[in-house]
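**Q** Sequence first, predicted model second:
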Amino acid sequence: MNKQEIWMQRALDLSLLGSGLVAPNPLVGCVIVKNDQILGEGWHQAYGQAHAEVMAIWSLANPEDSIGSSVYVSLEPCSHTGKTPPCADLLIKSQVKEVFICNLDPNPLVAGQGIEKLKAAGIQVFQGILENKGAKINRQFFTFHTKKRPYITLKWAASQDGFIAQEDGKPIRFSNPQSQALVHQMRTQHQGILVGAETIIQDNPSLNARLWPGNNPIRIVLDPHHRIPKNSQVLRDGQATWIITKNTVAQDGPCQWFALGENYLLEDILRLAYEKGLISILVEGGAKTLEAFLQSNFVDEIWKQEKDSTLGKGIAEPQKSINWKNGIQIGEDNIWYQADLG
Ligand code: AOF
Ligand code: ZN
């Protein structure tokens, strides 16, 4: 790595500290360098709070340290007034010399205008440093803005012989404590968590992220025929839930019902989520719901946690020829596999 890449890597590492806390905003880190030394650092810590550049400027021991400095930021500085004022203006006012950027901001409110502002003020701008790493870190944010739909992750747990539940649909405990923590971390990293009605009926899950620090996802339940019991966890615990139905719409507390019509499609659910600003959804089951997504063109990432024992019978995991990458051992008896989607 050259020097520019080393400073940018630091900015990317800092950005990850906002994981599970910033959505629907991107993960952004920022480093202020002068005479080959880091004088300031910051990252976007939570949705609605100060942006990375602001945090980095605030962290300087002396405000004048910014004058003539090189700024490394993992996303194009914003040019718009959102929850916070434009970062491009702050960098101009701080009289920085040059700005190194990893990725452009696809948000139509920014989209190149941040760079234009900086250049117009005589600041040198360099873009594309460690671009691929940044694109991976903010894959949800970029997918949302470029494909105009949420980023979709599928996740299920199976026995070694490929069953995800008992024959009658009752759940099986596949997870060990380490796997469970990982599942909850994954939940904090998605804005929505989606399941079919059968999963609610059989497991009565909470679908929250209580075992990992970070935001709880919005529960999205596909319940076309109003089958889930009124006393289900997701309807009673006071946290946000969306129920997707065909026709009738009820309203009850923090839950929202959305009637998408007699023949609604997966596209309609994704469009609703896009319009509501959800940048990512974790699909956790059950078999029918996972199948439906696998048959669509809307899957960005797939994970399977496999327990090292066999069941002999039960409900089979989704059937689709999937290439799995090398597994990662999590706890004593689980291996996690990620699909190689090319
Ligand atoms: C930056 N630095 O650290 C972040 C940026 O509502 P706001 O004010 O928080 O603006 C959110 C938008 O700003 C977000 O959609 C994205 O385009 C950009 N995020 N920009 O310069 C940051 N988090
Ligand atoms: Zn900003």
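**A** Okay, I see it. Numbers count the residues shown, from 1 in each chain. Ligands and ions are numbered 1, 2, ... in the order given.

**Q** Run through the residues that contact the closest residue to residue 20 other than its chain neighbours.
**A** Closest residue to residue 20 apart from its sequence neighbours, by Cβ to Cβ, 6 or more residues apart in numbering: residue 214 at 2.8 Å. Bear in mind the C-beta positions are built from the backbone N, C-alpha and C, glycine included. Listed by Cβ atoms under 8 Å, 6 or more residues apart in numbering, the contact partners of residue 214 are 19-21, 185, 187-189.

**Q** Identify, from those residues, the entry nearest to ligand 2.
**A** residue 21 (16.2 Å; Cβ to the ion).

**Q** In this structure that closest one contacts residue 48, no?
**A** No - between residue 21 and residue 48 there is no contact under Cβ atoms under 8 Å: 10.3 Å.

**Q** which one of these two has more residues nearby?
**A** residue 21 (18 against 9; other Cβ atoms under 10 Å).

**Q** Please determine how far that one is located from ligand 1.
**A** Using Cβ to the nearest ligand atom, to the nearest Å, residue 21 is found at 11 Å from ligand 1.

**Q** Next, residue 160: secondary structure please.
**A** Using DSSP: H, G, I helix; E, B strand; the rest coil, the structure places residue 160 in coil.

**Q** thinking it is in contact with residue 307, fair?
**A** Yes - assessed by Cβ under 8 Å, residue 160 is found in contact with residue 307 at 6.9 Å.

**Q** Now stretch 335-342 - C-alpha only, PDB.
**A** Extracted in PDB, the C-alpha atoms of stretch 335-342 (Å, rounded to 0.1, in the frame of the first residue of the first chain):
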ATOM      1  CA  ILE A 335     -19.900 -23.900  10.400                       C
ATOM      2  CA  TRP A 336     -21.100 -20.800   8.600                       C
ATOM      3  CA  TYR A 337     -21.000 -20.800   4.800                       C
ATOM      4  CA  GLN A 338     -21.400 -17.800   2.500                       C
ATOM      5  CA  ALA A 339     -22.700 -18.400  -1.000                       C
ATOM      6  CA  ASP A 340     -20.400 -17.400  -3.900                       C
ATOM      7  CA  LEU A 341     -22.700 -15.300  -6.000                       C
ATOM      8  CA  GLY A 342     -20.000 -14.400  -8.400                       C
END
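
**Q** Tell me which residues of it come out buried.
**A** 335-337, 339 (16 or more other Cβ atoms under 10 Å).

**Q** out of the residues you listed, which one sits closest to residue 175?
**A** Closest to residue 175 out of those is residue 336 (10.8 Å), distances taken as Cβ to Cβ.

**Q** Neighbouring strands of the helix or strand harbouring the closest one in the sheet, and parallel or not?
**A** Per DSSP states H and E: residue 336 is located in strand 334-338. Strand 334-338 pairs in its sheet with strand 301-307 (antiparallel), strand 328-330 (antiparallel), by DSSP bridges.

**Q** average pLDDT for it?
**A** Strand 334-338 carries an average pLDDT of 97.

**Q** So residue 74 belongs to a strand, correct?
**A** Yes - judged by three-state DSSP, residue 74 forms part of a strand.

**Q** what about it, distance to residue 7?
**A** 11 Å (Cβ to Cβ, to the nearest Å).

**Q** can you list residues touching both of those two?
**A** In contact with both residue 74 and residue 7: no residue, using Cβ under 8 Å, 6+ apart.
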